[in-house]
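# this is a predicted model, with the sequence first.
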Amino acid sequence: MKIHGVRMGLATNSSSSHSLIFLPDAADRDVSSAEFGWSHFTAASTKARRDYLALTLHSALCAAVGEDIAELVTAAWVGQSAPKDGSVDHQSQYVMPQRWDGRCIDKDFFDDFSAFMLQKGLVILGGNDNDDGHEHPLADGTEFTLPLPRDEHGAAYVARKDGTYWAVFNRKNGTKIRFSFERDAAPPMRATLPELVDVKITDLCTRGCLFCYQDSTPRGEHASRGVLDVLACALGQARVFEVAIGGGEPTAHPDFVQVLRDFRTWGVVPSFTTRSLAWLRDPSIWCQALMHAGAFALTVATGEEVMGLAALLHVNGIDPDRAGVQYVMGMGDLENVLLACGDVGLRVTLLGYKRVGRGANVQPGDYSHWLSVVRRAQERNCALQVAIDTTLAAESGAALSAEGVPDLFYETKDGRFSMYVDAVAWTAAPSSYCDPSLFRPLPKYLDVARLGEMFRAFGGT
């Protein structure tokens, strides 16, 4: 098993401390029952591990399809029923991803999970980490846990296999984990199909920001609903996890709410970026938009704008986890934005400056010391959540390494696991700010095969 990438949001739990280890022979210490609770246990035999698998699957299925169907499916998939007198402690229950339609557990994923858990030499260790100094007798520092969330009731995880690795995505909070069950698997250089697509639905915007790399204006056009329907269908069939909707000002699109709904209908989680708060003052828009959207981010330049967003969230009773802030580096007061986000509990994404569009005519302020600014803000409020985009990561690779940030937490190349679609011009590219020569026209009838061909042709830029 090898982890290839993690996007923050992962929530694992603690009190019971089930883990895995490879041992040549531990059968003499095998469990005597199918009770995988807090007490120390060693599940070494194939039977014991099958019991563990059956209990794990049965529990996940009961929540999805009911107990009667869960019993039938468990017997078919594991080759036995879940032991009636057995259980797996809830804090050690691995979450099993759902099928794309959300109606049952993903069998392909479970088959790979089962093969991994039943391989020769693998032993499941159990215990209770509340007892300091009382480790499992076989624990020797080589034990590990799978990079899957545990004890998340009602979580909406889906999974997609790509070659030798799996990408697991939480439709509710955006957690994404990329890993392989193979112990010596090489890290994937790129996906066969994108996991994320950045979608421009309009070129209209009245803000006139000097740094706008899209060069959007009040005369900009909207993408047609028909084109967006085609795109939503193609991305859903390709099992693209999510879209990041932008513009222009996406909330100005006349079919904005319907566009969000269409993507969600196809199983693709739509989130969006905005520079406007007008839609958040209109219940007829924001109630419907947030019914379909995963989350949204407001682009800001000052701490006062952050406080204005927080006030509207409070008045409307919107969970702050549904919102975020984006800040364009060199175009405002970074420290005040960070401090304000920490004070009101909003996460912030820092965007590297894009020198295209109108942004090519503006010189941003020096932001080479941004990491020290972030450090000062987090010293004041340790709960401050900060993310960065690909551009800033590429600019700051050496500095991030010096800070000890693992490279599996960020991307430095576009076009490997994501792509950009300009639905107004009906073109695609590795990113929205790449060299114009990399943009390619999309076919009139977009399907999974054509999407894959175009995505693979981009490579990582």
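That came through fine.
# secondary structure of A428: a helix, I assume?
No. Counting by DSSP: H, G, I helix; E, B strand; the rest coil, one finds A428 to be strand, located in no helix.
# the closest residue to it other than its chain neighbours: neighbour count?
Residue nearest to A428 in three dimensions, not counting chain neighbours: V421, with 5.0 Å by Cβ to Cβ, 6 or more residues apart in numbering. All C-beta atoms are positioned from the backbone trio N, CA, C, and that covers glycine. Using other Cβ atoms under 10 Å, V421 has 28 neighbouring residues.
# hmm, V421 is touching K200, no?
Yes. The pair V421 / K200 is scored as a contact, 7.1 Å apart, by Cβ atoms under 8 Å.
# Provide a list of residues in contact with L371.
396, 399-400, 403 (Cβ atoms under 8 Å, 6 or more residues apart in numbering).
# and it, how far from G66?
Per Cβ to Cβ, to the nearest Å, L371 is found 51 Å from G66.
# next: L334.
52 Å.
# and the two? Which one has more around it.
For L334 versus G66, neighbours defined as other Cβ under 10 Å are more numerous around L334 (23 against 10).
# torsion angles phi and psi at the nearest residue to the more buried one once chain neighbours are set aside?
In this structure, L334 finds its nearest non-sequential neighbour in V373, 5.4 Å apart by Cβ to Cβ, 6+ apart. Backbone geometry at V373, expressed as degrees, to the nearest 10, gives phi -70, psi -40.
# hmm, V373 is touching E335, no?
Yes. Using Cβ under 8 Å, V373 is in contact with E335, at 5.2 Å.
# could you pull out the helices in the stretch 251-400 of the chain for me?
For the stretch 251-400 of the chain, the helices defined by DSSP state H, counting those that start in this stretch cover 256-265, 283-292, 303-316, 334-344, 370-380, 390-395, 397-402.
# circling back to that earlier point, now which of the contacts of L371 would you call buried?
396, 400 (16 or more other Cβ atoms under 10 Å).
# next, format the contacts of L371 as CSV and append distance to V257 and pLDDT.
Shown next, in CSV, are those (distance: Cβ to Cβ, whole Å; pLDDT from 0 to 100):
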residue, distance to V257, pLDDT
S396, 37, 88
A399, 41, 82
L400, 38, 83
E403, 41, 78
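# could I get the contacts of L371 as a markdown table with distance to V31?
Shown next, in a markdown table, are these (distance: Cβ to Cβ, whole Å):
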| residue | distance to V31 |
| --- | --- |
| S396 | 49 |
| A399 | 49 |
| L400 | 44 |
| E403 | 44 |
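# nearest to D435 among the contacts of L371?
Checking the contacts of L371 against D435 by Cβ to Cβ gives S396 as the nearest, at 21.3 Å.
# quick one, what contacts that closest one?
Neighbours of S396 in contact, by Cβ under 8 Å, 6+ apart: 370-371, 388.
# got it, and V227?
V227 neighbours (Cβ under 8 Å, 6+ apart): 423, 426.
# next helix or strand past the host helix or strand of it?
Element membership for V227 (DSSP states H and E) is helix 225-237. Sequence order places strand 242-246 as the next helix or strand after helix 225-237, per DSSP H and E.
# per-residue confidence averaged over that next one?
Average pLDDT, strand 242-246: 96.
# related to what we said a few turns ago, now the helix holding V227 - C-alpha only, PDB.
Output of helix 225-237 as PDB, limited to C-alpha atoms (Å, rounded to 0.1, in the frame of the first residue of the first chain):
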ATOM      1  CA  ARG A 225     -27.300  26.000 -21.300                       C
ATOM      2  CA  GLY A 226     -27.200  23.400 -24.000                       C
ATOM      3  CA  VAL A 227     -23.400  23.400 -24.100                       C
ATOM      4  CA  LEU A 228     -23.300  23.200 -20.300                       C
ATOM      5  CA  ASP A 229     -25.700  20.300 -20.400                       C
ATOM      6  CA  VAL A 230     -23.400  18.400 -22.800                       C
ATOM      7  CA  LEU A 231     -20.400  19.100 -20.600                       C
ATOM      8  CA  ALA A 232     -22.100  18.000 -17.400                       C
ATOM      9  CA  CYS A 233     -23.200  14.700 -19.000                       C
ATOM     10  CA  ALA A 234     -19.700  14.000 -20.400                       C
ATOM     11  CA  LEU A 235     -18.000  14.800 -17.100                       C
ATOM     12  CA  GLY A 236     -20.400  12.700 -15.100                       C
ATOM     13  CA  GLN A 237     -19.900   9.700 -17.400                       C
END
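# sweet, I'm off.
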